[in-house]
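1. I would like the atomic coordinates for the input below:
(chains A and B)
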Amino acid sequence: MAITSPKDAKEGKVETAARSWIAKPILSSEFVDDPPLEDVYVGLIRKKKDISIAIQRVSSILPGFHHLKRCFSEKLLLAPVNCTELSTEREDSSGKERSLTEDKLRTVLRERGFDLSLLKDDFQMIKVPARAAKTKAQAMRLSNIWPLNFHPDVNVERLIDGSVFTEYQLGLIERYMNVAVQAARLGAVGNANCNGSAVIVDPEDGRILAIAASKIDQHPMWHAAMLAVDLVAKLQGGGAWEFEEKSTQKDTVASKTSKSIDQREAANRLTKETGIKRKCIEDTPLCYPTSLSKISLPKEESLECIVVRRGRRNNGSTKSEKIAATNAEKCGPYLCTGYWIFLLREPCPLCAMALLHSRVLRIFYGIPNENTGVLGSKTVLHAVPGLNHRYQVWSGVLEQECRQALQDIEHRNTN
Amino acid sequence: MDILSWMDVALQKANESLKIGEVPVGCLFIYNSNVIAVGNNTVNKTHNATRHAEINCIDQVLEFCKTKNLDYKSVFYDIDVIVTVEPCIMCMSALCQLQVHNVIYGCRNDRFGGCISVFEVPKLYNSRTKIIGGTRGSEAMILLKEFYKGTNPNAPESKMKKNRKKKET
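-> Numbering: from 1, shown residues only, chains lettered A, B, ... in the order given. As a prediction, the model looks like this:
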């Protein structure tokens, strides 16, 4: 069971040769850590010819172990030792421990009509994986313990082996992260809990919609991602914060701002008249602080085109992208649905949850935030059960440049 | 005024929010026994998903501090937050960063709650903030249920619903 096909492995080699960084997917622990093992009873089959009938019988009266082969080298999986269902069935209220005894299991099997003569007299207790493997790598390790029923999830494997992105896409991702690095260097004022910059991109056409750098010296909530989300809201005729800057701006910037206000009002009128949210596309990217508008932007190229060209339409992401596209046609963009965001540093819970509420599709960050980062460091927020939207997250993009930029910013702000 | 009466004002604000098609959450920030900020959710109005009642109140307090020439850090330090629903992870992070004095909420927020329900944000910040839940929670919950019964007119068609329809046909 190879982790990557030879072709993918070859692609991987090219990537590492050309780039100083690797995009590491941030996955929930169930994809990273192996499932725990549990104690189970196994019966030893007396005669090989009885294996299939024994499997059939035991599966019908004691279902379970769907992630495992029921029988392996004449050992038949019977039941977990910590099987509350069976152990409490005949609980004599003596308050004994809840684990299933061998005698009790034998009684249950007999009562349910299992022919115990198929098995040798004594059962054995062994350890097997308690739940299914989520990845090929886990499956490989677990199958050394006990053979598995395992069906790899193609999308998960592409995330893990990196083939989710083409060489071309990685090049574009690097360019957008470079914008984030420049933005952070130009304007970021954050603190130890959150710092850096944010660049929001529409992957469909590669257009940068918003560039922001942390400005917590001006407002305690002006973390980069919070600012960027509000800039996108302004593009849709909304927005909450008024971004006034001290009057040291050049005329060109001032005129651009007033022009954009006109356009925003026009968009607001359109929204009211037609009920459709318009993108003030001519304004893009909106920047805060406005000094960030002097960053030279990469050429706009779709971040998605390669995937489409390859014709891989039978995967989940493409389907959801299609739904997003039809929604966009119907009612204009909704919040940050479908957008990609590039952050210098792993976000704090304020920023991470703001991006979750805003329904961004993908988050890329350069360096971890050991203090309060919730997309890998302190927790994996997007894997917490119960949340209504999940984004995909990668760390390590342009890692060295991001780390150097953060050091320089912190040095600058302490002096 | 006592907490129950404050919560009554917050619930009225939540009700107003419901009437204008926003998520019915109402919030007050109390400083020296005075309400210095009253807010509700304005996500649909602003097209900005972060405009929760608490965030709107934070902006009002900053404005208050600017006009009164007060240091916002020391003001937030003495603020009691009264909010009809458990603050979400984002808002709780904001309130922890600002080190507010107390957070008193009504019902739990099983979808986004940042105090206990989904993720315990205060642990991340070694927070000093005291959190008290369950004040007139059932009334807050009724408003939320009312809202989610109707469909959010601004939300796009959900994937879940779409799939369900496909299966039915």
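
2. May I have the beta-bridge partners of the most centrally placed residue in chain A?
-> Computing the C-alpha centroid of chain A and ranking residues by CA atoms, centre = their mean puts A:Gln392 first, at 3.0 Å. Beta bridges link A:Gln392 to A:Arg362, judged by DSSP bridges.

3. List the buried residues for stretch A:295-305?
-> A:295, A:297-298, A:302-305 (16 or more other CB atoms under 10 Å in any protein chain shown). (Each C-beta comes from the backbone N, C-alpha and C, glycine too.)

4. Give me the mean pLDDT for that stretch.
-> For stretch A:295-305, mean pLDDT rounds to 84.

5. For the residue of chain B found nearest chain A, which non-adjacent residue is spatially closest?
-> Of all residues in chain B, B:His47 sits closest to chain A, at 3.0 Å by CB to the nearest CB. Once flanking residues are discounted, B:His47 sits nearest to A:Gly238: 3.0 Å by CB to CB, 6 or more residues apart in numbering or on different chains.

6. Surely that neighbour is within a strand?
-> No: counting by DSSP: H, G, I helix; E, B strand; the rest coil, A:Gly238 is not found in a strand; it is coil.

7. Surely the residue nearest to the centre of chain A and A:Phe364 touch.
-> No: checked against CB atoms under 8 Å, the pair A:Gln392 and A:Phe364 is beyond contact range at 9.4 Å.

8. Can I get the buried residues of stretch A:295-305 in JSON lines including distance to chain B and secondary structure?
-> What follows is the buried residues of stretch A:295-305, written out as JSON lines (distance: CB to the nearest CB, whole Å; DSSP: H, G, I helix; E, B strand; the rest coil):
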{"residue": "A:Ile295", "distance to chain B": "24", "secondary structure": "coil"}
{"residue": "A:Leu297", "distance to chain B": "24", "secondary structure": "coil"}
{"residue": "A:Pro298", "distance to chain B": "26", "secondary structure": "coil"}
{"residue": "A:Ser302", "distance to chain B": "21", "secondary structure": "coil"}
{"residue": "A:Leu303", "distance to chain B": "21", "secondary structure": "coil"}
{"residue": "A:Glu304", "distance to chain B": "18", "secondary structure": "coil"}
{"residue": "A:Cys305", "distance to chain B": "23", "secondary structure": "helix"}
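
9. Next, the contact list for A:Pro212, please.
-> One correction, residue A:212 is Ala, not Pro. The contact partners of A:Ala212, taken as CB atoms under 8 Å, 6 or more residues apart in numbering or on different chains, are A:183, A:197-198, A:224-225, A:227-228, A:231, A:287-288, A:292.

10. hmm, try it at 10 Å
-> A:180, A:183-184, A:187-188, A:196-200, A:222-232, A:243, A:285-289, A:292 (CB atoms under 10 Å, 6 or more residues apart in numbering or on different chains).

11. With respect to A:Gly162, which of the buried residues of stretch A:295-305 is nearest?
-> Nearest to A:Gly162 out of the buried residues of stretch A:295-305 is A:Leu303 (CB to CB; 15.9 Å).

12. need the residues of the stretch 151-300 of chain A near chain B, please.
-> Neighbours of chain B within the stretch 151-300 of chain A, by CB under 10 Å from any CB of the partner chain: A:191, A:193-194, A:216, A:219-221, A:223, A:225-226, A:229-241, A:271, A:275, A:277.

13. Selecting buried members of those residues in PyMOL, what would you type?
-> Buried subset of these, written as a PyMOL selection, criterion 16+ other CB under 10 Å:
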select buried, chain A and resi 191+193+194+216+219+220+221+223+225+226+229+230+231+232+233+234+235+236+237+238+239+240+241+271+277
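
14. All set, thanks.
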